[in-house]
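**Student:** using only what follows, build the 3D model:
(one chain, ligands or ions: 1)
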Amino acid sequence: ARRGDLAGRRVVVTAGGTREPIDPVRFIGNRSSGLQGYALAATAAARGAEVTLIAANTALADPAGVKVIRVETALEMREAVFEAAAHADAVVMAAAVADFRPAAPSESKIKKTDAEPEPIRLVKNPDILAELCARRREGGADAPGVIVGFAAETDDVLANGRAKLRRKGCDLLVVNQVGAGLGFGTPDNAATVLGADGSAVEVPRGPKEALADVVWDLVAARLPGRTAE
Ligand code: PMT
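**Tutor:** Have a look, this model is predicted:
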């Protein structure tokens, strides 16, 4: 039933974790492997979509039939997302984007000396998802019809998820519980997909592809101009 239901649709998916340089050889990063984002890209392509995958620091093979753009930092990801989103029907942001970056990365490798090391001062990164949603609210002509965020929460999963959905202004927020062998780097995930319309769809523990298919079902149902099945 799902085969081909995204034909003619352009979708953008983000995957992986950004790296924020401290110096030429060191960075602040996170444990995202990219598996969830790649599963989203592969399932969308299998359902007929034209897929752009914006991948940050992943070690996974390119999914068949998917255009892959590689980035390293949050600022690079922001640029790639805005460029690709201008022509997209839907954007799904499964990447773990660093909230902060070192304010002034050192141009040469920081040396170990007898003195105590200098503290690393951090500045905020832009919130790509919130910015994308804000641009759409302001009436961006080419804004994507459906915008989906992911949220990695460790406690008060649903309350935090609802608050984050409102704050970011997206249509769907996939709240996955991380920790205890789930989430970052694991083949399985479990999530609740919250809708701006108040809906909540529970996805039990299973392969990341299964969660990806549920996300695309919910996206497909919200795409404007959907043709009857
Ligand atoms: O890659 P895997 O190993 O398969 O793991 C998958 C995952 C656990 C990383 C993934 O399923 C997931 O939950 N991704 C979001 C992780 C996250 O850190 O979320 P967040 O609560 O920090 O951010 C919420 C949303 O805002 C996300 O869609 C994120 O892409 C976006 N964001 C966050 C910060 C920022 N500066 N800009 C953003 O756009």
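**Student:** can you list the residue ranges for helices in the chain?
**Tutor:** 35-46, 74-85, 128-137, 157-168, 208-222 (DSSP state H).
**Student:** ok, residues contacting the longest one?
**Tutor:** When you say that, I think you mean helix 208-222. 2, 5-6, 11, 35-36, 39-40, 42-44, 47, 90, 92, 145-146, 148, 171-172, 174, 176, 187-191, 193, 195, 201, 203, 226 (Cβ atoms under 8 Å, 6 or more residues apart in numbering). The way it works is simple: take the backbone N, C-alpha and C, and place the C-beta from them, glycine included.
**Student:** run the last query once more with 6 Å
**Tutor:** 5, 35-36, 39-40, 43-44, 90, 146, 172, 189, 191, 203 (Cβ atoms under 6 Å, 6 or more residues apart in numbering).
**Student:** again with stretch 69-81
**Tutor:** Against stretch 69-81 from outside (Cβ under 6 Å, 6+ apart): 18-20, 54-56, 97-98, 125-126, 128.
**Student:** filter those residues by proximity to the ligand?
**Tutor:** Residues shared between those and the neighbourhood of the ligand are 97, 125, 128 [Cβ under 6 Å from any ligand atom].
**Student:** show me what from the protein comes close to the ligand.
**Tutor:** For the chain, the contact set with the ligand under Cβ under 6 Å from any ligand atom comprises 14, 32-36, 74, 93-97, 99, 125, 127-129, 149-152, 176, 178, 183-185.
**Student:** any stretches of the protein with poor pLDDT?
**Tutor:** Low-confidence segments of the chain, defined by pLDDT under 70: 1, 226-229.
**Student:** can you pull out the strands in this protein?
**Tutor:** 10-16, 20-23, 26-28, 50-56, 67-71, 90-93, 100-102, 122-124, 146-153, 172-177, 188-195, 200-207 (DSSP state E).
**Student:** out of those, which comes closest to Ala159?
**Tutor:** strand 146-153 (9.2 Å; Cβ to Cβ).
**Student:** partner strands of the closest one and their direction?
**Tutor:** According to DSSP bridges, strand 146-153 forms sheet pairs with strand 90-93 (parallel), strand 172-177 (parallel).
**Student:** most tightly surrounded among those?
**Tutor:** Most buried of those, by mean neighbour count (mean count of other Cβ atoms under 10 Å): strand 90-93, with a mean of 28.
**Student:** can you redo the ones next to the ligand among the contacts of stretch 69-81 as a markdown table with neighbour count?
**Tutor:** Listed next are these as a markdown table, based on neighbours: other Cβ atoms under 10 Å:
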| residue | neighbour count |
| --- | --- |
| Val97 | 23 |
| Asn125 | 18 |
| Ile128 | 25 |
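**Student:** so which of those comes closest to Val157?
**Tutor:** Lowest distance from Val157 to those (Cβ to Cβ) belongs to Val97, with 19.5 Å.
**Student:** how about the closest one, phi and psi?
**Tutor:** The phi and psi values for Val97, taken as degrees, to the nearest 10, are phi -100, psi 130.
**Student:** any idea how far it lies from Ala80?
**Tutor:** Computed as Cβ to Cβ, to the nearest Å, the Val97 to Ala80 distance reads 12 Å.
**Student:** what's the answer for Pro117, then?
**Tutor:** In terms of Cβ to Cβ, Pro117 sits 33 Å off from Ala80.
**Student:** more crowded one of the two?
**Tutor:** Taking other Cβ atoms under 10 Å, Pro117 and Ala80 do not tie; Ala80 has more neighbours (20 against 9).
**Student:** let me know which of the helices of the chain is tucked in deepest.
**Tutor:** Of all these, helix 35-46 has the most neighbours on average by mean count of other Cβ under 10 Å, namely a mean of 26.
**Student:** understood, closing this out.
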